[in-house]
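Asks: Have a look; sequence and predicted model below, questions after that.
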There are 2 protein chains.
Amino acid sequence: MNVAVGLIFFCRASGASPPFYPEYTIHDVRRMLVKTPDGAQDVRAIWMEDGVVKAVNQRALPHRFEIVEMDNSEDVAEAISDMTVRGAPSIGAAAAYGIALAATRGEDLEEAAKRMRATRPTAHDLFYAVNLMLSERKRLPGAADEYSDSIVARCRSIGEHGLDLIPDGSRILTHCNAGALATVDFGTALAPMRMAHRAGKKFFVYVDETRPRLQGAKLTAWELLNEGIDHAIIADNASGHYIRSDVDVVIVGADRIAANGDFANKIGTYARAVLAGENKVPFYVAAPISTFDPSLRDGDGIVIEQRSPDEVLIMDGIRVAPQGSDALNPAFDVTPGRYVTGFITEAGLLKPDGLSKLLETQ
Amino acid sequence: MNVAVGLIFFCRASGASPPFYPEYTIHDVRRMLVKTPDGAQDVRAIWMEDGVVKAVNQRALPHRFEIVEMDNSEDVAEAISDMTVRGAPSIGAAAAYGIALAATRGEDLEEAAKRMRATRPTAHDLFYAVNLMLSERKRLPGAADEYSDSIVARCRSIGEHGLDLIPDGSRILTHCNAGALATVDFGTALAPMRMAHRAGKKFFVYVDETRPRLQGAKLTAWELLNEGIDHAIIADNASGHYIRSDVDVVIVGADRIAANGDFANKIGTYARAVLAGENKVPFYVAAPISTFDPSLRDGDGIVIEQRSPDEVLIMDGIRVAPQGSDALNPAFDVTPGRYVTGFITEAGLLKPDGLSKLLETQ
């Protein structure tokens, strides 16, 4: 995997005074990553160009903006496994491009598909994309681009459908990163916020830091900062306090949604759903139809990925826990559909009890 | 403040293989910190000796075991403010010793009391201890020792009263550190676990890492490890998943309890209480009577300390969030008494609706 570095700014803070951070780098980064209405440069989270798959290195953010380049399906699989590319729809796009690379190079597509499917078990988009590419094998790599374009179009549509759920002056809470990075562009949970912001609405976002990998603090905050959306990062422990006292709406993404509305998403989502329900705060799940898995009747069948204990025990190379203590590290949890106020999809706002009918028509 | 270093072992992990950690240091530390039935060395979290206040430096754990020495009330106030000494009962003992030091040195006690009260606003024990020492000013420093001894005796009693709440084979979840470090000795939430372990019961503890300061991963895990209690650290986000799927009982401490049972404790406690209630898991609060504040009718009057955003934004000197993003960092939240199955106190197990009567008799 080659790394082409766009902008590098890495800081090691030693106390209360952070190092100088020239403002122009924010705008440069914004232009590179986020589509803006004035036509600023459109760099997606992942794309294919001249036979090479390029992706924003999500492990390097927020301090370094890097584009990694992959010219074979093994490297794409590794990028999914090590979370260089993450977020269910972006993983789906990566898998599609991985199959496309294999096709371009004349590799065995079934082998490449197997390699992709073995990377991460929970996100439905990955399996959906791999199967779609296998059925479109004669149209690769074009079909992969079409798939990725369709994700972007669906996310834009999610943003439009979710726009009205964000009243002017509202206070939103989101978990993990369901932004442009996770979804090729626009985002799922963040798409309605982008649209609302661009429509001139004022609102405030509580960003769960999202331990253990801190995708909220590192990625969602970075996207909101570049978009100019008012926000504050909170420890995951503080979400209950704010849902009880200040939050008007919770919006999260999803990695896999069963036919009855039970869904898997980043660990901690279930707690937010229960807390929202307890406090009568609307709880929305934003996801494209590719995240729905009609083969699952309910959430019991969703495989939960267990990741390394080191993600909990070690922070930036420093062990925080005593030697001899171990950790458990489930990457996702399952939230029962009864806690979901609505699913924001490209087909509009759906109630959990209306999913089965929709899925039959897909 | 002088630092007398007992044992130093600091590790910077570079990956999956941690540095060698000789087993004897665990046993040395155990003997130094935790009272055991076989009479091993009894080092409390804080004590006074030869006119000097000594305390375990809770900022240095789990990698370095240090005793800090303080010979004036300013240093004691600083140790409370910077969380060298933390946990409501230990804070109370520290404040008592701070007043004792001021008395020994012939300082103005009202000034010393003012200094102590200005350190941290939420823990009731601090104010309780300061007032008690002012009323006992002619018996200082002896009264401070008596106060500290009484905390230890109360915590031991909490352990005995809570023992039956831990069935053999049970799965417990705890939040933050309500152990010996937080309470001079034994602990509040951890006291029943110590007693159950020493009584030969087998059980397993899920330890919330407890961001932002990681008192669970750093302190509770260290205490359980030294005690030999089976446990695993989890990201705070995973507590809902485990409460739903595996936890039999949740036990936490408290920093201030109002007359109706509403209580303040480490941020994130409210979420565990709601999740326990939703899943019909018993939720216990362990605290000595000094934590009850009969002047407060309910939790609305509890002052919540807001700490520096840097605790969220910076980890071990490394900034995790983008420059330009801010954080909100409430140190505590308030949990309504209706979520509490019972309070484990030195006076026995109390129901929230029975508190008022008890408090009238104190």
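Replies: Here it is on my side, so go on.
Asks: Please report the distance of the nearest residue to A:K266 once chain neighbours are set aside from A:A189.
Replies: Once flanking residues are discounted, A:K266 sits nearest to A:C176: 3.7 Å by C-beta to C-beta, 6 or more residues apart in numbering or on different chains. Heads up, the C-betas are built off the backbone N, CA and C, glycines and all. Distance from A:C176 to A:A189, counting by C-beta to C-beta, to the nearest Å: 8 Å.
Asks: Find the residues that touch each one of the two.
Replies: Residues touching both A:C176 and A:A189 by C-beta atoms under 8 Å, 6 or more residues apart in numbering or on different chains: A:252-253.
Asks: what are the ranges of the helices in chain A?
Replies: Along chain A, the segments classed as helices by DSSP state H run A:23-33, A:73-81, A:88-104, A:109-117, A:124-135, A:142-162, A:190-198, A:215, A:221-227, A:239-245, A:269-278, A:310-313, A:355-361.
Asks: Check what pLDDT A:H124 gets.
Replies: With respect to pLDDT, A:H124 has a value of 89.
Asks: and the gap between it and A:V53?
Replies: From A:H124 to A:V53 the distance is 21 Å (C-beta to C-beta).
Asks: in the sheet, who's paired with the closest residue to A:L349 other than its chain neighbours?
Replies: The spatial neighbour of A:L349 that comes closest, neighbours along the chain excluded (C-beta to C-beta, 6+ apart), is A:G342 at 4.7 Å. Beta-bridge pairing for A:G342 (DSSP bridges): A:Y284.
Asks: Contacts only, for the residue nearest to A:K266.
Replies: A:208, A:210, A:215-216, A:220, A:252-253, A:265-266, A:268-269.
Asks: closest to chain B among those?
Replies: Proximity of the contacts of A:C176 to chain B (C-beta to the nearest C-beta) peaks at A:G268, which lies at 2.9 Å.
Asks: Surely that closest one and A:A331 touch.
Replies: No - taking contacts as C-beta atoms under 8 Å, A:G268 lies outside contact range of A:A331: 10.4 Å.
Asks: Settle it for me: which of these two has more neighbours?
Replies: A:G268 (27 against 23; other C-beta atoms under 10 Å in any protein chain shown).
Asks: Report how many residues lie close to A:R64.
Replies: 15.
Asks: Test for you: state the pLDDT assigned to it.
Replies: 84.
Asks: What's opposite it in the beta bridge?
Replies: With DSSP bridges as the rule, A:R64 is bridged to A:I8.
Asks: follow-up on the earlier one: mind listing the shared neighbours of A:G268 and A:A331?
Replies: With C-beta under 8 Å, 6+ apart, A:G268 and A:A331 have no common neighbours.
Asks: thinking again about what came up before, among the contacts of A:C176, which lie within strands?
Replies: Counted as lying in strands by DSSP state E, out of the contacts of A:C176, are A:208, A:252, A:265-266.
Asks: Now the residue in the stretch 51-200 of chain A that chain B sits nearest to. Nearest residue, chain neighbours left out?
Replies: Residue of the stretch 51-200 of chain A nearest chain B, by C-beta to the nearest C-beta: A:P62 (3.6 Å). With C-beta to C-beta, 6+ apart as the criterion, A:P62 has its nearest non-adjacent residue at 3.6 Å, and that residue is B:P322.
Asks: phi, psi of the one you found?
Replies: The phi/psi pair for B:P322 (degrees, to the nearest 10) reads phi -70, psi 150.
Asks: Neighbours of it, how many?
Replies: Per other C-beta under 10 Å, the neighbour tally for B:P322 reads 25.
Asks: cool, and the one 3 residues further on?
Replies: Counted by other C-beta under 10 Å, the residues lying close to B:S325 total 23.
Asks: Tell me which residues touch it, please.
Replies: Here B:S325 is in contact with A:207, A:217, A:221-222, A:224-225, A:231-233, B:313 (C-beta under 8 Å, 6+ apart).
Asks: re earlier: how much space between the residue nearest to A:L349 and B:E311?
Replies: Distance from A:G342 to B:E311, by C-beta to C-beta: 35 Å.
Asks: So for those two, which residue has more residues nearby?
Replies: A count of neighbours by other C-beta under 10 Å puts A:G342 above the other of A:G342 and B:E311, at 20 against 17.
Asks: what's the pLDDT at the closest residue in space to A:A77 that isn't next to it in sequence?
Replies: Setting aside the residues directly before and after it, A:A77 is nearest to A:R115 in space (C-beta to C-beta, 6+ apart), at 4.8 Å. Looking at A:R115, its pLDDT is 97.
Asks: Relative to the centre of chain A, pull out the residue lying furthest away.
Replies: Most distant from the centre of chain A: A:G324, at 33.5 Å, with distances by C-alpha atoms, centre = their mean.
Asks: any idea what sits nearest it, other than its immediate chain neighbours?
Replies: Nearest one to A:G324, counting by C-beta to C-beta, 6+ apart, is B:L225 at 5.1 Å.
Asks: is it true that the one you found touches B:L61?
Replies: No - with contact defined as C-beta under 8 Å, B:L225 does not count as touching B:L61 (11.0 Å).
Asks: Next, show the common contact partners of the two.
Replies: Shared contacts of B:L225 and B:L61, counting by C-beta under 8 Å, 6+ apart, come down to A:P322.
Asks: rewinding a little: would you point out the most distant pair within the ones in strands among the contacts of A:C176?
Replies: A:D208 and A:N265 (11.7 Å; C-beta to C-beta).
Asks: Looking at these two, which has the bigger crowd around it?
Replies: Between A:D208 and A:N265, counting by other C-beta under 10 Å, A:D208 is the more crowded of the two (32 against 29).
Asks: who touches that one in this structure?
Replies: A:173-176, A:216, A:234, A:236, A:239, A:268, A:272.
Asks: Output those in CSV, with pLDDT appended to each entry.
Replies: Shown next, in CSV, are the contacts of A:D208 (pLDDT from 0 to 100):
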residue, pLDDT
A:L173, 98
A:T174, 98
A:H175, 98
A:C176, 98
A:G216, 98
A:I234, 98
A:D236, 98
A:S239, 98
A:G268, 98
A:R272, 98
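Asks: out of the contacts of B:S325, which one sits closest to B:R307?
Replies: Out of these, the member with the shortest distance to B:R307 (by C-beta to C-beta) is B:L313, at 11.7 Å.
Asks: For the closest one, which residues are in contact?
Replies: A:217, A:233, B:319-321, B:325-327.
Asks: do A:G342 as well
Replies: Contact analysis of A:G342 by C-beta under 8 Å, 6+ apart lists A:282, A:284-285, A:349-352.
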